[in-house]
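A.B. asks: just to be clear, the model below is a prediction. Sequence and coordinates:
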Amino acid sequence: QVQLVESGGGLVQPGGSLRLSCAASGSISSISAMGWYRQAPGKERELVARISSSASTNYADSAKGRFTISRDNAKNAVYLQMSSLKPEDTAVYYCNAWIAPSQGMGVTYEYWGQGTQVTVSS
């Protein structure tokens with residue numbers, strides 16, 4: 001069974017930094033795009049950053065210049081380095097990945113992590 005497990009959230013002061021990590025586990029044949037989304041209270045879930053299997057990236061306007069997404073294909077992991085954090089970055093951050101399970105006949109499915117809370121407050 002494929003799972004995504006996130007870590008690295010927490011409480012940080014405005015202007016501070018955090019690094020989120022997400023690792024995929026289980027019987028995996030391949031992973032294509034991986035990404036991070038977030039959902040603030042009362043708001044819809046939104047894309048923060050995405051990275052393809054070839055390391056091509058795209059960012060939400062709110063993340064450009066402050067956040068960096070990266071991945072380690074050997075570890076089936078994706079990371080989000082966040083700096084210059086603002087109170088409006090407060091949200092639950094979700095890891096997302098498109099994964100082909102080993103027994104899935106090459107079909108790719110979308111998976112989500114359980115979410116990790118990021119709170120930016122003084």
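C.D. replies: Structure's in. What do you need? Residues are numbered from 1 along each chain as shown.
A.B. asks: doesn't residue 39 make contact with residue 96?
C.D. replies: No: applying Cβ atoms under 8 Å, one finds residue 96 not in contact with residue 39, separated by 11.8 Å. C-betas here are computed from N, CA, C, even on glycine.
A.B. asks: contacting residues for the residue sitting nearest the centre point of the chain?
C.D. replies: Closest to where the C-alpha atoms of the chain average out (Cα atoms, centre = their mean) is residue 36, at 2.8 Å. Residue 36 sits next to 20, 22, 47-50, 69, 78, 80, 93-96 when contact means Cβ atoms under 8 Å, 6 or more residues apart in numbering.
A.B. asks: any chance of a ChimeraX selection covering the buried ones in the residues you listed?
C.D. replies: Here is the ChimeraX command that selects the buried residues among the contacts of residue 36 (16 or more other Cβ atoms under 10 Å):
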select :20,22,48,49,50,69,78,80,93,94,95,96
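A.B. asks: which ones among the contacts of residue 36 are found in strands?
C.D. replies: Counting by DSSP state E, the contacts of residue 36 place 20, 22, 47-50, 69, 78, 80, 93-96 in strands.
A.B. asks: okay, the residue of the chain most remote from its centre: pLDDT?
C.D. replies: Going by Cα atoms, centre = their mean, the residue of the chain most distant from its centre is residue 105, 25.9 Å out. Listed pLDDT for residue 105 reads 82.
A.B. asks: element containing it, please.
C.D. replies: Assigned by DSSP states H and E, residue 105 falls within no helix or strand.
A.B. asks: likewise the one 5 residues further on?
C.D. replies: Mapping residue 110 onto the secondary structure by DSSP H and E places it in strand 109-112.
A.B. asks: neighbouring strands - and their directions - for that strand?
C.D. replies: strand 91-101 (antiparallel) (DSSP bridges).
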